[in-house]
Every structure is written in C-alpha cells, then in structure tokens.
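*Asks:* What would the 3D arrangement of this be:
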Amino acid sequence: MALFFTCVLLLIAGYYVYGSFVDRIFGPDANRAVPSATMRDGVDFVPMSTPKLFLIQLLNIAGLGPIFGPILGALYGPSALLWIVAGSIFAGGVHDYFSGMLSLRANGDSVPNVVGRELGGAFRQFMNYFSIVLLLLVGVVFVLGPGKLLSQLTGWPVNYWVAAIFGYYFLATILPIDKIIGRLYPIFGALLLFMSVSLTVMIMTSPDHQVLPSGLSMANTHPKDLPVWPLMFITIACGAISGFHATQSPMMARCCTSEKNGRFVFYGAMIGEGIIALIWCTLGLSFYNDAGALGAAIAKGSPSGVVNEVSTALLGGGLGSALAILGVVILPITSGDTAFRSARLIIAEYIKMPQLAMGKRLMIAVPLFAMGFVVSLGDFNIIWRYFGWANQTLAMVMLWAAAAYLIKRGKLHWICTIPATFMTAVTFAYISAEKIGFNLPYTWANAIGIACAVCALVAFFVAFGRKVGSVPAE
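*Replies:* Have a look, this model is predicted:
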C-alpha cells in the first residue's frame with residue numbers, strides 16, 4: 001500500500017513541481033489571443049471552461065491504454081509502477097503539454113502541421129499519413145475493446161455493441177463538439193470517478209487480496225520471461241506516454257480561453273491518466289497471487305476479462321460492478337469518438353476543406369468510417385501491437401518537434417530532447433525485435449535502438465545546433 005500511495009503522491013508532486021518548471025520554460029502569455037476567440041465557428045472552435053476542458057482532455061486521452069496496458073505491464077512486476085510515474089512526469093506530461101501549447105500558438109493546428117512547422121515539410125507529410133493510420137487503429141481498437149466488455153456485462157453479442165459504438169462515434173465525429181462530447185462527458189466523468197475510487201478502496205480493504213505482494217522486488221516476473229526493455233515501455237503506453245495524445249490536444253487547444261490554462265488541461269490530464277494507470281497496475285499486481293496467475297487470466301479472457309473478473313469480485317455481481325465496468329468502458333469510447341473526429345480534422349486541413357457545413361464533414365467522415373470498419377475485421381491482437389508501436393513512434397516525433405521549437409528560441413530544450421532520445425531507442429528496438437517488424441534477436445534489436453537514438457540526437461544538433469536562439473522568444 002505504501003508504494004502505491006507513494007507513486008500517487010509523486011505524480012501529484014510532479015504536476016506542481018516539474019509541471020510548473022516546464023510551464024515556465026515555455027512561457028504562456030495570458031494576453032495572447034487564442035483560437036477559440038479569433039476563429040470561433042461553433043463547431044470545432046468553441047470556448048469552454050477550464051474544468052470542462054480538463055475533463056474532456058482526460059477522457060479523450062485515457063482510452064484502453066491506461067487499463068489494458070498496465071494490466072499487461074503488471075506481468076513484469078512492480079517496476080511497471082516506476083515507469084508509469086517517471087514516464088508521466090518527465091515524458092508523457094511534457095509531450096502532452098507541448099502538443100497542446102504549440103497547437104494553441106498555431107491557431108489550433110493539428111499535429112502534422114505542428115510537427116511540420118518545427119521539423120520541416122517532409123515530416124509534415126509523414127505525419128499526415130501516419131497520424132491518420134494511428135487514429136484509425138485507435139478507433140478500431142476502442143470499438144472492439146469496449147464492445148467485448150459490454151458483451152460480457154449484458155450477454156448481448158459483441159457485434160451488436162460494435163455497431164452501436166460505431167454509430168455513436170459517427171455522430172460525435174460530425175456534430176459540433178459541444179453538442180455530444182461537451183454534454184455527455186460530465187456523466188462519463190462521474191462513472192470514471194466511481195470506478196477509480198471504488199476499486200481502489202475495495203482492493204485496500206479486501207481480506208483476500210493485498211495491495212502489492214510482500215517481499216517487494218523490482219525483478220522481472222513475466223511468466224514468459226519477456227524482457228522489460230523495450231517491451232514494457234511499449235506495453236504501458238497511454239499510462240506513461242502516448243503519441244495518440246498529440247492528436248487529441250489540438251481539439252482542446254481550439255477551445256482554450258487562455259494560454260495560462262495549458263498546464264492544468266494538458267500536463268494535468270496526463271497526470272490524471274497516470275493515476276488511473278497506477279490503479280489498474282496495482283490491481284493486476286494485487287488481485288492475483290503471482291504473475292503466472294495474472295498471465296493465465298489474460299490468456300483466458302484478454303485484459304477485458306481481467307477487468308470483468310476484478311470488478312465483479314471486488315464489488316459483487318450487482319450494480320456496483322456494473323458501474324465499475326461501465327467506468328472502464330467509457331474510457332475507450334471517449335477516446336474512440338475523438339480519434340475519428342481528429343482524423344476528420346487532419347484530413348480536412350490536409351485537403352483544405354472547411355468543416356463548417358455538415359455536407360463537408362460527411363464527405364470526409366463516411367469514407368473514414370468505411371475504412372475503419374474494414375480494419376476492424378482484422379486480428380485484434382495484431383492491430384493492438386501495431387497500435388502500440390505507432391503510438392510511441394508518434395510520441396517520439398512530437399517530442400523531437402517540441403525540442404526543435406525550444407532550441408530555436410534559445411530555451412532549455414533538454415526537457416524534450418532527453419525523452420525524445422529515450423523513446424527513439426524504445427521504438428526502434430521494439431520494431432526491430434517484434435514479429436510485426438524485423439523479428440531480430442533482442443541483442444541485435446537493442447543495439448539498433450541505441451544506435452538510432454544516438455544518430456537522431458546527432459542529427460538534431462546538426463540540424464538545429466546553429467539555430468540556437470534564431471527565433472525570438474514569444
């Protein structure tokens with residue numbers, strides 16, 4: 001129990017200490033005009049209160065990642081908790097803050113234009129296609145995951161729920177942001193709060209389960225002896241750092257009323273997601289006797305089966321467990337809807353098609369959902385692996401873009417350069433070792449990952465070292 005609460009307190013302290021430090025380096029300007037005022041259109045550029053923005057951002061970014069990822073990450077042992085804390089504070093929070101604030105200063109631009117402005121046209125083109133592919137993967141993963149959970153809860157066929165969720169996503173994609181997302185998210189937030197608090201209290205008070213095993217060790221406990229590096233850093237994505245967040249932050253940047261709200265909305269939401277990830281990682285470590293038992297439960301029913309089993313056992317089979325499962329379900333649903341919405345906006349920016357008219361939105365949304373349906377017919381496990389790698393790769397690129405923004409203005413770029421270099425090593429090592437990539441031995445894969453990280457760092461200084469302070473501080 002002490003380790004869990006220590007991790008929670010570290011995350012909260014990270015928000016106030018390191019988050020403030022990052023905020024000062026960027027330098028938000030309360031007097032600067034924001035897109036919600038200068039480009040207000042009643043559809044995507046809509047001023048919203050800061051608490052509502054925080055809640056929507058949290059629900060947007062907290063999909064299945066901070067639940068399924070930490071459950072799978074718990075197989076590696078308590079070291080997963082340390083990655084969640086360090087990743088959220090020094091990588092994920094920084095990534096989310098800059099993806100939101102750079103969009104805020106660029107008239108609410110989506111991530112491809114934000115990255116292209118700092119790293120060049122080639123990266124802009126790459127990110128246009130890569131972001132849309134990632135968002136399609138996210139949308140599909142966040143249809144199938146909640147569909148399975150709702151099927152387990154109700155007994156109705158998964159296909160029925162998948163169709164219903166797709167229908168909701170379509171409406172949330174084409175309607176003004178304050179009509180569905182702005183109105184339903186407070187209700188979803190209440191369910192999320194119930195799930196988080198109730199399961200935390202019950203695991204602490206349950207006589208049959210202990211909060212983290214006795215004789216705590218940081219040793220790798222994975223039942224298949226899979227290596228912590230680089231796999232755990234891909235497995236636990238959204239709970240520590242996630243490139244998907246960079247696709248979501250611009251939506252809230254278009255609704256912010258002041259740059260001074262950025263730390264709470266962007267960095268703060270990442271810390272909130274880190275706490276959710278800590279809860280589910282702790283449940284995975286505590287509910288089962290050992291990693292072998294957790295692995296067997298995952299093999300039997302996937303992480304969604306673990307969610308159902310844990311919720312039912314701790315809260316009973318009645319209303320309490322149903323509300324807890326619904327609290328889990330709303331996380332992927334509130335990310336899937338905005339994934340498709342983000343894809344629509346990125347495509348619209350790319351082809352320069354205004355989105356004020358409903359017909360224009362439908363021209364993009366209909367084929368987009370048709371592609372999503374086709375992708376959903378694939379193998380969920382393979383889709384999830386590609387999502388994990390694509391997710392962290394996008395995070396890596398966004399961090400390099402943020403580092404370029406800072407170095408060109410003579411600011412402390414290391415707050416972005418260090419996590420960017422780290423994530424470069426992770427993503428290249430992973431794709432080199434995985435069967436979905438080059439299927440190399442881990443010794444070779446890790447060497448490739450480190451070499452690519454070093455090359456990226458050198459290339460960064462070659463490209464931008466002479467431009468230190470070339471752009472005046474804003």
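*Asks:* Following the chain onward from the helix or strand hosting Leu278, which element is next?
*Replies:* For Leu278, the host element (DSSP states H and E) is helix 268-287. Where DSSP H and E defines the elements, the next helix or strand beyond helix 268-287 is helix 291-315.
*Asks:* Buried residues in the following helix or strand past that next one, which are they?
*Replies:* Using DSSP H and E, the helix or strand that follows helix 291-315 in sequence is helix 319-351. Residues 320-350 are the ones in helix 319-351 that count as buried (16 or more other CB atoms under 10 Å). Glycine gets a C-beta too; all of them are placed from N, C-alpha and C.
*Asks:* got a list of what Ala456 touches?
*Replies:* The neighbours of Ala456, taking CB atoms under 8 Å, 6 or more residues apart in numbering as the test, are Trp400, Ala420, Thr421, Thr424.
*Asks:* thinking again about what came up before, can you state the direction angle for the helix holding Leu278 and helix 291-315?
*Replies:* Interaxial angle, helix 268-287 versus helix 291-315 (axes from the mean of the first three to the mean of the last three CA atoms, to 10 degrees): 110 degrees.
*Asks:* Quick check: Phe68 vs Trp384, distance?
*Replies:* 8 Å (CB to CB, to the nearest Å).
*Asks:* In terms of neighbours, single out the busier of the two.
*Replies:* Just comparing Phe68 and Trp384: by other CB atoms under 10 Å the higher neighbour count belongs to Phe68, 28 against 21.
*Asks:* In this structure that one contacts Pro303, no?
*Replies:* Yes - look at Phe68 against Pro303 with CB atoms under 8 Å: they come within range, at 4.0 Å.
*Asks:* count of residues packed around Phe438?
*Replies:* Neighbour tally, Phe438, other CB under 10 Å: 12.
*Asks:* Apart from its neighbours in sequence, what residue is nearest it?
*Replies:* Distances taken as CB to CB, 6 or more residues apart in numbering put Ser432 closest to Phe438, at 5.0 Å, once the chain neighbours are dropped.
*Asks:* What is the three-state secondary structure of that neighbour?
*Replies:* Of the three states, Ser432 takes helix according to DSSP: H, G, I helix; E, B strand; the rest coil.
*Asks:* ok, it - contacts?
*Replies:* Shown in contact with Ser432 (CB under 8 Å, 6+ apart): Phe438, Leu440, Trp444, Ala445, Ile448, Gly449.
*Asks:* which residues does Phe21 contact?
*Replies:* With CB under 8 Å, 6+ apart, Phe21 has these contacts: Ile415.
*Asks:* For the helix or strand hosting it, buried residues please.
*Replies:* Per DSSP H and E, Phe21 falls inside helix 18-26. Buried residues in helix 18-26, defined by neighbour count with 16+ other CB under 10 Å: Tyr18, Gly19, Val22, Asp23, Ile25, Phe26.
*Asks:* right, and the pair among these with maximum separation?
*Replies:* Tyr18 and Phe26 (12.8 Å; CB to CB).
*Asks:* circling back: how close does the residue nearest to Phe438 get to Trp384?
*Replies:* Ser432 is 19 Å from Trp384, by CB to CB.
*Asks:* and the helix or strand bottoming out on mean pLDDT in the chain, what other elements does it pack with?
*Replies:* When the helices and strands of the chain are compared on mean pLDDT, DSSP states H and E, helix 181-205 comes out lowest with a mean of 75. With contacts taken as 3 or more CB pairs under 8 Å, 6 or more residues apart in numbering; DSSP states H and E, helix 181-205 sits against helix 50-61, helix 268-287, helix 291-315, helix 319-351.
*Asks:* Distance from the last one to the middle of the chain?
*Replies:* What that stands for is helix 319-351. Counting by CA atoms, centre = their mean, to the nearest Å, helix 319-351 is centred 11 Å from the centre of its parent chain.
*Asks:* on that earlier part again, got the angle for the helix holding Leu278 vs helix 181-205?
*Replies:* Using the same axes, to 10 degrees: helix 268-287 against helix 181-205 is 30 degrees.
*Asks:* Who are the packing partners of helix 268-287?
*Replies:* Short answer (3+ CB pairs under 8 Å, 6+ apart): helix 268-287 packs on helix 2-16, helix 50-61, helix 65-73, helix 79-87, helix 93-104, helix 181-205, helix 291-315.
*Asks:* So for Ile415, which of those helices sits nearest?
*Replies:* Taking the helices and strands packed on helix 268-287 one by one with CB to CB, helix 93-104 is closest: 5.8 Å.
*Asks:* Dump the closest one to PDB, restricted to CA.
*Replies:* The C-alpha trace of helix 93-104 is given here as PDB (Å, rounded to 0.1, in the frame of the first residue of the first chain):
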ATOM      1  CA  GLY A  93       3.300  15.200 -19.300                       C
ATOM      2  CA  VAL A  94       5.900  17.100 -21.300                       C
ATOM      3  CA  HIS A  95       4.700  15.600 -24.600                       C
ATOM      4  CA  ASP A  96       1.100  16.400 -23.900                       C
ATOM      5  CA  TYR A  97       1.800  19.900 -22.700                       C
ATOM      6  CA  PHE A  98       3.800  20.800 -25.800                       C
ATOM      7  CA  SER A  99       1.400  19.100 -28.200                       C
ATOM      8  CA  GLY A 100      -1.400  21.300 -26.800                       C
ATOM      9  CA  MET A 101       0.500  24.600 -26.300                       C
ATOM     10  CA  LEU A 102       2.200  24.500 -29.800                       C
ATOM     11  CA  SER A 103      -1.200  23.900 -31.300                       C
ATOM     12  CA  LEU A 104      -2.600  26.700 -29.300                       C
END
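*Asks:* Which strands or helices does the following helix or strand past it pack on?
*Replies:* Sequence-wise, the next helix or strand downstream of helix 93-104 (DSSP H and E) is helix 111-119. Using 3+ CB pairs under 8 Å, 6+ apart as the contact test, the elements touching helix 111-119 are helix 93-104, helix 121-154, helix 244-253, helix 319-351, helix 380-407.
*Asks:* quick one: average pLDDT of helix 111-119?
*Replies:* The average of the pLDDT scores along helix 111-119 is 93.
*Asks:* List the contacts of Met252.
*Replies:* For Met252, counting by CB under 8 Å, 6+ apart, the contacting residues are Leu53, Ile56, Gln57, Asn60, Gly100, Val265, Phe266.
*Asks:* In CSV, list the residues you listed along with pLDDT and distance to Val197.
*Replies:* Output for these, formatted as CSV (pLDDT from 0 to 100; distance: CB to CB, whole Å):
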residue, pLDDT, distance to Val197
Leu53, 91, 22
Ile56, 86, 20
Gln57, 89, 20
Asn60, 81, 21
Gly100, 97, 27
Val265, 96, 22
Phe266, 97, 24
